[in-house]
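A.B. asks: model this:
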Amino acid sequence: MSNTTRRQHYVWKHYLRSWERAGRVSVLRKGGSPPFQTDAVNIAVMRDFYRLPTLSEHDEDFVGRFIDNICAKSPMLKELNRGWLDAIAMASRLRRLMPGFANLDPAIQGQINAEIERFEIQAEEGYHGAVEVSALPLIDALKAGKVEVWDNDDNARDLAYFMSVQHFRTKKVRDNVIAGYPAGEHRERVERLWPVLRHVFATNVGWSLFSERASWRLRLLRAPENAEFITGDQPTMNLLPHDHHNGLAFYYPVSPVMAAILEHRDNESVAGVDDDASESLVQSLNTQIFEGSHEQVFSSDIVYLEALAAAKDDPELE
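C.D. replies: Have a look, this model is predicted:
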């Protein structure tokens, strides 16, 4: 099966390379094992993570009605999200048609089935790659401290969508959503439909942030010389309880020295008033990244991770 990526990252590999030192990222696994160093290609990766499921007509009807319900006030969002359903269900629809071609030469049937499988494995992986390439200039601008990217409509639209996609694409969000349902038919359906739902949620959140962008401010925090931001296998997180529409402070460290926060202008900032972050603020944000991660956190400094691991083993050291 040519041109098929089986080792698929649920956190952008290029993004993780910002934490490389001498070609290695320092990694701390939650659970007590000591930190270690490895290449970014080896972390936040899982075989066939984005493989598309086989959907039944009933599955399609179910998620279609869900889309129509949550997008009832926005025909534009309904059309976009129906597009996600059509794209992701394409392989399943072909599989349902295959029994009607039973008289085809077996070799041709085998080729068709192989292409359907390749599409199921590769399609979403390829899409994320395209999103990442288009976001490179934006991430470079954030690393350089150019907060004015939020003032440009095209950049704001792309950044809001990119951050939303990075949030919903991860293993943690997938596992948490699925685990929220009792074992059985409902959980199995949510697991099958999650590839559609994560794009629906990313599209809706991204559009909400962009369409109301005048009400949201982008801040770029700079770490002091004696401290660095870490990241994790859930690199985006909300620093506020999401108990109302504006309950969002979208945190996204973009390098060891720079971190982005997208927050509502009506809220008091979660990071104080100074974009030059204090050492204590960096430590607080790093702790929240650790606590909000799924399995691993990443840093450019293995000594810092060793101290973080020790503090978690002994709370009096925090």
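A.B. asks: in contact with the residue nearest to Met237 when sequence neighbours are not counted, which residues are there?
C.D. replies: Nearest residue to Met237, sequence neighbours excluded (CB to CB, 6 or more residues apart in numbering): Gly292, at 4.6 Å. (Glycine included, C-beta is placed from N, CA and C.) Listed by CB atoms under 8 Å, 6 or more residues apart in numbering, the contact set of Gly292 reads Gly232, Gln234, Met237.
A.B. asks: go with 10 Å
C.D. replies: The neighbours of Gly292, taking CB atoms under 10 Å, 6 or more residues apart in numbering as the test, are Lys172, Gly232, Asp233, Gln234, Pro235, Thr236, Met237, Asn238, Leu239, Tyr251.
A.B. asks: cool, Ala249 as well?
C.D. replies: Contacts of Ala249 by CB under 10 Å, 6+ apart are 219, 237-240, 242, 261-264, 267-271.
A.B. asks: now, which of these sits nearest Val200?
C.D. replies: Using CB to CB, His242 comes nearest to Val200 of the contacts of Ala249, at 17.3 Å.
A.B. asks: please report how far the closest one lies from His167.
C.D. replies: Noted for His242: a distance of 12 Å to His167, by CB to CB, to the nearest Å.
A.B. asks: more neighbours: the two, which one.
C.D. replies: His167 (22 against 10; other CB atoms under 10 Å).
A.B. asks: show me what counts as buried in stretch 33-46.
C.D. replies: For stretch 33-46, a neighbour-count test (16 or more other CB atoms under 10 Å) marks Pro35, Gln37, Ala40, Ile43, Ala44, Val45 as buried.
A.B. asks: so which pair among those residues is furthest apart in space?
C.D. replies: Top of the distance list for the buried residues of stretch 33-46 (CB to CB): Pro35 and Val45, 18.1 Å.
A.B. asks: excluding chain neighbours, what is closest to Pro235?
C.D. replies: Val11 (5.8 Å).
A.B. asks: in the one helix or strand Phe162 maps to, what's buried?
C.D. replies: For Phe162, the element it lies in under DSSP states H and E is helix 153-168. For helix 153-168, burial by neighbour count (16+ other CB under 10 Å) applies to 155-168.
A.B. asks: so of the contacts of Gly292, which ones are in strands?
C.D. replies: Using DSSP state E, Gly232, Met237, Asn238, Tyr251 are the members of those that sit in strands.
A.B. asks: how close does the last one get to Ala259?
C.D. replies: Tyr251 sits 7 Å away from Ala259 when distances are taken as CB to CB.
A.B. asks: close enough to count as contact, Leu281 and Gly272?
C.D. replies: Yes: between Leu281 and Gly272 there is a contact under CB atoms under 10 Å: 6.7 Å.
A.B. asks: quick check: Asp274 is in a strand.
C.D. replies: No: applying DSSP: H, G, I helix; E, B strand; the rest coil, one finds Asp274 to be coil, outside a strand.
A.B. asks: quick one: list the elements packing against the helix holding Phe162.
C.D. replies: Packing partners of helix 153-168 (3 or more CB pairs under 10 Å, 6 or more residues apart in numbering; DSSP states H and E): helix 106-143, helix 171-179, helix 185-211, strand 216-222, strand 249-255, strand 258-264.
A.B. asks: and stretch 148-162, C-alpha only, in PDB?
C.D. replies: This file holds the C-alpha atoms of stretch 148-162, laid out as PDB (Å, rounded to 0.1, in the frame of the first residue of the first chain):
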ATOM      1  CA  GLU A 148      -1.100  41.700  15.200                       C
ATOM      2  CA  VAL A 149      -1.900  38.600  13.100                       C
ATOM      3  CA  TRP A 150      -5.200  38.700  14.900                       C
ATOM      4  CA  ASP A 151      -6.000  42.000  13.400                       C
ATOM      5  CA  ASN A 152      -6.000  40.600   9.800                       C
ATOM      6  CA  ASP A 153      -9.300  38.900   8.900                       C
ATOM      7  CA  ASP A 154      -7.700  36.100   6.800                       C
ATOM      8  CA  ASN A 155      -5.100  35.400   9.500                       C
ATOM      9  CA  ALA A 156      -7.600  35.500  12.300                       C
ATOM     10  CA  ARG A 157      -9.900  33.100  10.500                       C
ATOM     11  CA  ASP A 158      -7.100  30.600   9.800                       C
ATOM     12  CA  LEU A 159      -5.600  30.900  13.300                       C
ATOM     13  CA  ALA A 160      -9.000  30.400  15.000                       C
ATOM     14  CA  TYR A 161      -9.700  27.300  12.900                       C
ATOM     15  CA  PHE A 162      -6.100  26.000  13.300                       C
END
